[in-house]
Every structure is written in C-alpha cells, then in structure tokens.
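Chemist: Pasted the sequence and its predicted model underneath.
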Amino acid sequence: MILRLLCVIATLLACSALIRADEIELHDGRIFIGQIVDETNSRVRIDTMVSNIRSILSFGRTDILRLQKSELPKDFFAAPNIPPTTNPQATSGAIADIEFIEVPVVGEIGSAVLAEGLKSALEAAERRNITHIVFRINSFGGQVSVAQEMARLLRSKAESLHYTAVVERAISAAIWIVFSCDEIVLRPGATIGAATAFYQDFSTGEIDVDAKMNSALAAELCAIAEQQGINPALIRAMIVPDAACYWVQSAEGDLAIVDTLQDGDVLKRVLSENGSVLTLTSTEASEIGLANISELETTALHQILGLPRWRIHGKIGEIAMESARENRMRMRVLEETRERRASEAEQRRINQLGQQIREIEALVRYINDGIDRAESLHPNNYNYSYNIRDGLFTPESRRAWMRHTDEAIVAWERVDDALGKLFRAEGRARKLGSEANFHELDIQSLRELARDSVRNLLANRKRSGV
C-alpha cells in the first residue's frame, strides 16, 4: 500500500515537473492549466485543454481564487499527459450525475425549427425534473416571429430551467435563442450575428418604416440579452444597420463594448459602423468576452460550466422537434387537402353556375320565341268563312277555328312550362351565388298571362261564328 502511494506521488511530481504553464484556480475548486491569452481588470482569458480538447475560456476576476503564471512548454497542447481540469464536485461519487436535454436548433427557424417543438421539449424536461437544456445551434435564421415566440417560451421557464447555447452558426433570427441562454459556447470557426430583419426599402417598401421595425426588434432583444449580462450595444449592432459598436480600453484599463467613443478610450477594434451589421467570429466573440470557445462534446461541457458530471437524457429534444415538424407537415397536408377540396368545390360551383346560366339563357330565348308563336297562333289572326245571313262559321271554318285555338293553347302551355323551369333554374343559380336575373314576380306575372290566355282560348274554343 505504501509502495503504491509512493508511485502515485512520484507520478504526480513527474507530471508537475514536466508541465509548467499558467494556472487559474476558481472559487468553485476548478483549476485550468494553459496559456493566458489576455487579461484586464475585470476578465481573464485562458487557452487550455479540457478532456484533451483545446478550449479558450473567459472568467471574471471575481470568480478567480488564484492565478499563477509560468512559461508554457512548446509542446504543451500536443502532450498526451496534460493534467485534467479538476473540480471536487465533478469527481465526488456522492453527487449523482446531472441530466440535461439537448434541443437541436438546426436549419431554418419556422420550418425545421419550431416553437411547438421547443415547448414540448421544455415541458418534457419539467415533467422529468430536468433543469438543464443545451441548444445545439446551426442556423442561418428564418422567421423572426417564430424566434420571438421561442425566446418568450424560454423566458417563461427561466426560473426553473437553465439554458446553454452551443453554437456552430447563429445568423439572423437564430440569435434570439442564443441570447436567451445563460451560457454561450462557440465552436471554433462559428459565426454569430447579422440579424437585420427589415433592410432599407426591400421589406416594407418604406425606409423609415424598416428602420423603426429594426429598432423595435433590437430593443426587445436587448432587454432579453441584458438579463443575461450581455452588452446591449452588441445586440443593436447586429440588428440595426447604422448602429455603431466599438471595442475599447478605457482610461482605467478595462476593456469594454461601447456605442460611442469617449475621450481617453483606446480603440481596440471597430466592430460595426457606417451601415454594416455586426457578425462575430468565434475568436472575436471570445476576445470581447461574449462566449467561450470549445470543441467539447455536449456531454463534457459541464467541465467548463462549473457543474458536476452530467449526461444527456435520451433524445427528448430531437424527438420533440421532429414530432413538431411531422405535426406541422400533417397540418400542412390537411390544409392543402382542404384548400384543394375547396378549390375543387369552387370549380364545381362555377361549372354548375355556368350550366345554370346557360340553361336560363336558353329558356329565355325559348320563352320569347314561345310567346311570339303563341300570339301568332291566336285564332283571331286567321280568316274564316261564315254565312252572311246568320253569321255562323261554315263547317270547315269552325274546324279551322278549333284547330288554331288548340295550337295556341299548346303554345301558351309550353310557355307556362318553360316559365316554371326558368323559376327553378333561377333558384338554383341563386343558391350557387348568382345574382337574380329575373325577379320572381316577373316570372309569376308571365305565367299568369300564359294561363289567362289558355283560359280565354278554352272559353272561346267552340265559338260558332263572328
């Protein structure tokens, strides 16, 4: 046993002798060994290895218990025996692993990334008493309204849930999710920013209106970001094209993000001005203290977040987002089906209405011709022979009178029948959305005329003379 302890001590001493580098010890017990990249009165950035993954981390001075500087060996980052970051909580067997849910924000917001999916994932986390949510973000943006809704969902559960953004790419609307998170970790080569939603006169047609819309969006996101300790000048520069943003060193030696240069400020970098919108690389974001850079898998991020060991809880976030997309697709199919059926029904209505209109037009022509024919067939329109002494028709004329009367009766009855069909056709056309071509009273009046004509003809059918 003594021999084993001596071997362990010898190994530790050998590693200590072998590797000498800058060392930061935090108040929570974590120790990071590497090369300090830069430091100010308020923050220190260190290039370090976490689980053999190179990372650039930024810490506030108030979080640092001890800082020791030593010369960095040339092969430090290539050495296989770099001492791991230590954290008493992370190695204590008495503390159970923390579980987290990973939610993918990959693709276009509003189509591949949906607020319904986020809502389902957050609710699933609450049901399982999971308090940590990691967002894997790789998106060029999408619908700002959907991103706003997602940000509101995150804020509504901010007291019970803790959010971490792991960013490969967060452009345009995607920054709403990033700046709603408690921590931001950027992958090497990541980009973040360029969130102008209304640009000049392309979006609304009015430059002044576009400027006001961008300003309103910036104000809303600035309020969200400020709650996470992020300088609102950065947010405005990412959304408002004419917003200036500078990285300066104040007269007191502190590095800061400002939108206006003051006397005594030493300009370190112009981040945005003259109509451009701000987009930051991972290196730039790390330099100004916005985020850490790391290639660590999400399952190992607890080492730089100051948490005990954690593990992912299944694929809840991925399943929730996929289910939301499938539900959206089903709803879209249903909507397209309804629209298609409505279109088909409308086309049938139009076809049926066209058929009714053609039928009405044909009936009107038939009725007009029928009335002319009925009137021309009236027996009074013909010449008859009669006896001069008593005025009675000759037998032949009496038969002609009755024949002409019958022909006129048939003609008027056909007119009456056609008027009935016209009345019904008009009713069908109105049900199909057509305006009335003929008033009902007009049709009824014509039918009464036809029937009166028939009654009069019947009453005189057996007329015997002049």
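Modeler: Nice, thanks for sending it over. Numbers count the residues shown, from 1 in each chain.
Chemist: where along the stretch 251-400 of the chain do the helices fall?
Modeler: With DSSP state H, counting those that start in this stretch, the ranges of helices along the stretch 251-400 of the chain come out as 282-287, 302-305, 316-376, 395-431.
Chemist: Which one of those helices lies nearest to Lys119?
Modeler: helix 316-376 (8.2 Å; C-beta to C-beta). Where C-beta positions appear, they are placed from N, C-alpha and C, glycine not excepted.
Chemist: Just the mean pLDDT for the closest one, thanks.
Modeler: Mean per-residue pLDDT for helix 316-376: 93.
Chemist: ok and that helix relative to helix 395-431, angle-wise?
Modeler: Interaxial angle of helix 316-376 relative to helix 395-431 (axes from the mean of the first three to the mean of the last three C-alpha atoms, to 10 degrees): 160 degrees.
Chemist: what separates helix 316-376 from the chain centre, distance-wise?
Modeler: A distance of 30 Å separates the centroid of the chain from that of helix 316-376, by C-alpha atoms, centre = their mean, to the nearest Å.
Chemist: tell me what it is packed against?
Modeler: Applying 3 or more C-beta pairs under 8 Å, 6 or more residues apart in numbering; DSSP states H and E, we find helix 316-376 packed against strand 98-106, helix 115-127, helix 395-431, helix 440-459.
Chemist: Make a markdown table out of the ones you listed and add mean pLDDT.
Modeler: Converted to a markdown table, the helices and strands packed on helix 316-376 look like this (pLDDT from 0 to 100):
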| stretch | mean pLDDT |
| --- | --- |
| strand 98-106 | 95 |
| helix 115-127 | 96 |
| helix 395-431 | 92 |
| helix 440-459 | 91 |
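Chemist: just the ones you listed: most buried one?
Modeler: Mean neighbour counts were compared across the helices and strands packed on helix 316-376 using mean count of other C-beta atoms under 10 Å; the top stretch is strand 98-106, at a mean of 21.
Chemist: That one pairs with which strands, parallel or anti?
Modeler: Next to strand 98-106 in the sheet, as set by DSSP bridges, lie strand 132-139 (parallel), strand 310-312 (parallel).
Chemist: Let me know which of those strands is the nearest to Gly29.
Modeler: When the strands paired with strand 98-106 are compared for distance to Gly29 using C-beta to C-beta, the nearest one is strand 310-312, at 16.7 Å.
Chemist: quick revisit: let me have the helices of the stretch 251-400 of the chain in CSV, extended by distance to Asp22.
Modeler: CSV is the format used below for the helices of the stretch 251-400 of the chain (distance: least, C-beta to C-beta, whole Å):
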stretch, distance to Asp22
helix 282-287, 16
helix 302-305, 16
helix 316-376, 37
helix 395-431, 86
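Chemist: His162 bridge partners, please.
Modeler: Beta-bridge partners, per DSSP bridges, of His162: His132.
Chemist: Surely it touches Phe135?
Modeler: No. Counting by C-beta atoms under 8 Å, His162 stays clear of Phe135, with 11.6 Å between them.
Chemist: higher neighbour count, these two?
Modeler: Per other C-beta atoms under 10 Å, whichever of His162 and Phe135 has more neighbours is Phe135, with 29 against 17.
Chemist: pLDDT score assigned to the more buried one?
Modeler: 97.
Chemist: ditto for Leu13
Modeler: As predicted, Leu13 sits at a pLDDT of 39.
Chemist: likewise Thr85?
Modeler: What the model reports for Thr85 is a pLDDT of 51.
Chemist: And Ile53, by the same measure?
Modeler: In this model, Ile53 is scored at 78, pLDDT.
Chemist: Also His302?
Modeler: What the model reports for His302 is a pLDDT of 87.
Chemist: quick one: it and Arg311 touch, right?
Modeler: No. In this structure His302 lies outside contact range of Arg311 using C-beta under 8 Å: 9.3 Å.
Chemist: Go through the helices and strands packed on helix 316-376 and name the closest to His378.
Modeler: Proximity to His378 (C-beta to C-beta) singles out helix 395-431 among the helices and strands packed on helix 316-376, at 5.2 Å.
Chemist: still on that earlier bit, please indicate which of the strands paired with strand 98-106 has the most neighbours on average?
Modeler: Each of these was scored by mean neighbour count; the highest is strand 132-139, a mean of 23, by mean count of other C-beta under 10 Å.
Chemist: what's the angle between that strand and helix 115-127?
Modeler: Relative orientation of strand 132-139 versus helix 115-127 (the same axes, to 10 degrees): 160 degrees.
Chemist: Report the distance from strand 132-139 to the chain centre.
Modeler: Strand 132-139 sits 18 Å away from the centroid of its parent chain (C-alpha atoms, centre = their mean).
Chemist: what's the answer for stretch 453-460, then?
Modeler: Centroid separation for stretch 453-460 versus its chain: 76 Å, with C-alpha atoms, centre = their mean.
Chemist: For burial, what's the neighbour tally of the residue nearest to Asp259 when sequence neighbours are not counted?
Modeler: Nearest non-adjacent residue to Asp259, counting by C-beta to C-beta, 6 or more residues apart in numbering: Ala233, 4.3 Å away. Ala233 has 21 neighbours, counted by other C-beta under 10 Å.
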